[in-house]
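Undergrad: Sequence and computational prediction follow.
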Amino acid sequence: MAKENKTQKDQHQMQDLEIKERLLRIKHKILVMSGKGGVGKSSVATYLSVSLARKGYKVGLMDVDLHGPSIPRMLGLKGNLQEGTGNGKARPISYLPNMEVISIESLLGENKDAATIWRGPLKIGVIRQFISDLEWNDLDYLVIDAPPGTGDEPLTVAQTIPDALALIVTTPQEISLADVRKSINFCRQVKMEILGLVENMSGLLCPHCGKTIDLFKTQGGMLTARQEGLNLLGTLPLEPQVVMNGDAGSMAILDDATLPITKAFNKMVDRIVQLTKDKKTLSPKTQSEFPVFNKSAREGKMLVVPVSEGKLSSHFGHCEQFAFIETMDGKIVKTEMRNPPPHEPGVLPQWLHDQGADVAIVGGMGETAQQLLQGKGIEVILGAPMDSPESLANQYLSRTLVQGENRCDH
């Protein structure tokens, strides 16, 4: 018995070394998780992987939802694992020349509807084998689709891939957000860094009148992200075509750039690429480049609000004055009105930076202006209500500031 235990321990240690060596050849690992089922987590993981691959990145997609694998069907993948290069290891299934996929469904043979009735130790072993026993290419991104909740599968990923980043998917309603808060606490307990939240099914665009129908309430993801000091990576509208594409095993929705969900998803992917290029931006203490809510509102900050007639100006570049509001420990210390320089392209971002601005609270702003401000390390909050600068500052400090639509008219 002692000899058998020693052999098992040696095998486990050898597998640990194989896993470590494999992970060194993968630049970024993203665990897509959710607090509850039915929020579109697998769809987000699948579309994210395909979008990254289409941008030229080398991508692996690992489906560790062992009881309810859906990714092969969403991608229209058939067949089993491929033969490796002679080292005895199989290769994941190739979906694109630069994208490969592994799922338990690929190992079930002909009966894809067979139930996977496994306890924890077996599930842990399979997930570890997905990394150690497969001949993955060197990857830019490994996207891991976990089942809902905080059970064996996400815990195994957290313990096996210590530098994985969590992407948490939710819908706007409170029952989903309550479970998301459990996922956030899980990540913090296992010391897994959180890439951010994605609010899925964020309103349905009526095909008849063009208005948005808020089926699951609104802005729940944004408020949760702000309260928890996390990135809101994107808000994705409900799109019936996602369901039809998923059933058909098609990714055609990504080809239609006119669809609101495709536009929102592409922006989210660009955001993820930016954040993963410089992981320092995920830390509240080093956040300086991207418009997120990581930095605690209770730290000392200089808030800046464009003002006309005593309230937030809808025209950032042509406001009467800027209110500079100095804050410390969650309170307003000082408010000072300052006249902006003559309006010319690129002048305001540099001027605001030189004036010590940390956060710009605005009604609307063009993409170029946003990028310039973010490039200067200034957080941008769009769609703020037309209130007084002090009221907006207090809303920001209490984390109740509601971010609406970008009211940019150009």
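TA: Now that the structure is in, tell me what you want to look at. Numbers count the residues shown, from 1 in each chain.

Undergrad: need the helices for this protein, in chain order.
TA: Listed in chain order, the helices of the chain (DSSP state H) span 2-23, 41-54, 71-75, 120-132, 152-160, 174-189, 220-228, 240-248, 260-277, 347-354, 367-375, 389-397.

Undergrad: which stretches of the chain have low pLDDT?
TA: Applying pLDDT under 70 to the chain flags the ranges 1-6, 8, 79, 86-88, 108-120, 174-176, 203-220, 278-299, 407-410.

Undergrad: start to end distance for stretch 386-402?
TA: 11 Å (CA to CA, to the nearest Å).

Undergrad: ugh, wrong one, I meant stretch 374-387
TA: Termini of stretch 374-387 sit 24 Å apart (CA to CA).

Undergrad: Could you list the buried residues of that stretch?
TA: Gln374, Lys376, Ile378, Glu379, Val380, Ile381, Leu382, Gly383, Ala384, Asp387 (16 or more other CB atoms under 10 Å). Where C-beta positions appear, they are placed from N, C-alpha and C, glycine not excepted.

Undergrad: so the first one makes contact with Ile381?
TA: No: using CB atoms under 8 Å, Gln374 makes no contact with Ile381, being 11.7 Å away.

Undergrad: rewinding a little: of the buried residues of stretch 374-387, which belong to strands?
TA: Using DSSP state E, the members of the buried residues of stretch 374-387 that fall in strands are Glu379, Val380, Ile381.

Undergrad: Could you find the closest non-adjacent residue to the first one?
TA: Among residues not flanking Glu379 along the chain, Val359 sits closest, at 4.5 Å (CB to CB, 6 or more residues apart in numbering).

Undergrad: Who is the one you found paired with across the strands?
TA: Beta bridges link Val359 to Leu303, Glu379, judged by DSSP bridges.

Undergrad: swap in Ser308?
TA: With DSSP bridges as the rule, Ser308 is bridged to Lys311.

Undergrad: hang on, the earlier thing: can you check which of the helices of the chain gets nearest to Leu81?
TA: Evaluated over the helices of the chain, closeness to Leu81 peaks at helix 120-132, with 10.8 Å, by CB to CB.

Undergrad: what does the closest one contact?
TA: Helix 120-132 has contacts (CB atoms under 8 Å, 6 or more residues apart in numbering) with 15, 18-19, 22-23, 62, 64, 66, 102, 104, 118, 152-153, 156-157, 160-161.

Undergrad: Please compute how far stretch 73-89 lies from its chain's middle.
TA: For stretch 73-89, the separation from the chain centroid amounts to 28 Å (computed by CA atoms, centre = their mean, to the nearest Å).

Undergrad: Please identify the buried residues of that stretch?
TA: Neighbour-count burial for stretch 73-89 flags Arg73, Met74, Leu75, Leu77 (criterion: 16+ other CB under 10 Å).

Undergrad: Over to stretch 155-172?
TA: The neighbour-count check on stretch 155-172 (16+ other CB under 10 Å) flags 155-158, 160-161, 164-172 as buried.

Undergrad: Greatest separation within the residues you listed: which pair is it?
TA: Longest span within those, CB to CB: Thr160 and Pro172, 32.2 Å.

Undergrad: sorry, back to before: dump the helices of the chain to CSV, plus distance to Pro92.
TA: Shown next, in CSV, are these (distance: least, CB to CB, whole Å):
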stretch, distance to Pro92
helix 2-23, 12
helix 41-54, 12
helix 71-75, 11
helix 120-132, 9
helix 152-160, 17
helix 174-189, 26
helix 220-228, 32
helix 240-248, 21
helix 260-277, 21
helix 347-354, 45
helix 367-375, 36
helix 389-397, 46
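
Undergrad: So which of those helices is nearest Glu83?
TA: Closest of the helices of the chain to Glu83 is helix 120-132, at 17.0 Å (criterion: CB to CB).

Undergrad: quick one, the closest one and helix 2-23 angle?
TA: On the basis of axes from the mean of the first three to the mean of the last three CA atoms, to 10 degrees, helix 120-132 is oriented at 40 degrees to helix 2-23.

Undergrad: could you measure Leu23 against Ser132, distance?
TA: 10 Å (CB to CB, to the nearest Å).

Undergrad: hmm, back to that, just give me the closest of the buried residues of stretch 73-89 to Lys334.
TA: For the buried residues of stretch 73-89, the nearest to Lys334 is Met74 (54.0 Å; CB to CB).
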